[in-house]
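Enquirer: turn this into a structure:
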Amino acid sequence: MNIVLASASPSRRSILNSAGVEPVIHPADVDEDALIAGLPKVDPDKVVAALAEAKARKVAPDHPDDIVIGCDSMLLLDGELQGKPRSAAATVERWRRQRGRTAELITGHCVVGPGGARSVTVSRTAVVFADVSDADIEAYAATGEPWQCAGAFTLEALGGWFIDRIEGDPSNVIGLSLPVVRRAIYELGHDVNEFWKPVDAAGKD
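Expert: Reported below is the predicted structural model:
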């Protein structure tokens, strides 16, 4: 049995790698904008949960004997969900709005196990943005790093310079909450150690 990640996100893969798991990478082909447009006006948690579930359910039929994880993250600022900026100009505009302020990074998780049993959970983490200079905002936007990131930042790379603190689960901000996934794996009747990579004991006493 494997863990299958329904995402091409290197950040999510890195979280699992650091936690001893080498996931099968199977990105879900989901039109996120169309899915959001088709949803009734609902609360932010339900939006990210619906996106995560759509991704997991898209991939799960191809991996009936594995555990499939679908995730989606968005930033809640001024009562509005912010997705990926996708360009330098949009990144600059976003950062000029959010610098010096606090917002919530919301990540939806859908974990599907063998037989189709699934757990859908949403996790929130408060992010306190630094009062970043215009020069740093423009330089950061020009790198391209934040273009495909919810909230227009990364916590674990260059964007870490511009986050004063977080309140809550740090892995959730990166895009996949290990506590949420652990609880889901338990609900599906498994233990997380079943998915750890074998440790190479060569050369050890």
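Enquirer: burial count for K41?
Expert: 5 (other C-beta atoms under 10 Å). Bear in mind the C-beta positions are built from the backbone N, C-alpha and C, glycine included.
Enquirer: in a helix, it, correct?
Expert: No - assessed with DSSP: H, G, I helix; E, B strand; the rest coil, K41 is coil; it does not lie in a helix.
Enquirer: which ones are touching it?
Expert: Applying C-beta atoms under 8 Å, 6 or more residues apart in numbering to K41 gives no contacts.
Enquirer: distance of it from E80?
Expert: Going from K41 to E80 by C-beta to C-beta, to the nearest Å gives 12 Å.
Enquirer: per-residue confidence at W95?
Expert: Among the per-residue scores, W95 holds a pLDDT of 98.
Enquirer: my error: substitute K41 in the last question.
Expert: pLDDT recorded at K41 is 74.
Enquirer: swap in the one 5 residues further on?
Expert: Looking at K46, its pLDDT reads 92.
Enquirer: list the contacts of it.
Expert: L39.
Enquirer: is L16 in contact with L176, as I believe?
Expert: Yes - contact criterion C-beta atoms under 8 Å: L16 and L176 qualify, at 7.1 Å.
Enquirer: distance-wise, check the most centrally placed residue in the chain relative to A142.
Expert: The residue lying closest to the centre of the chain (C-alpha atoms, centre = their mean) is G175, at 2.1 Å. Between G175 and A142 the computed distance is 23 Å (C-beta to C-beta).
Enquirer: pull the helix or strand with minimum mean pLDDT from the protein.
Expert: One helix or strand of the chain scores below all others by mean pLDDT, DSSP states H and E: helix 32-38, with a mean of 84.
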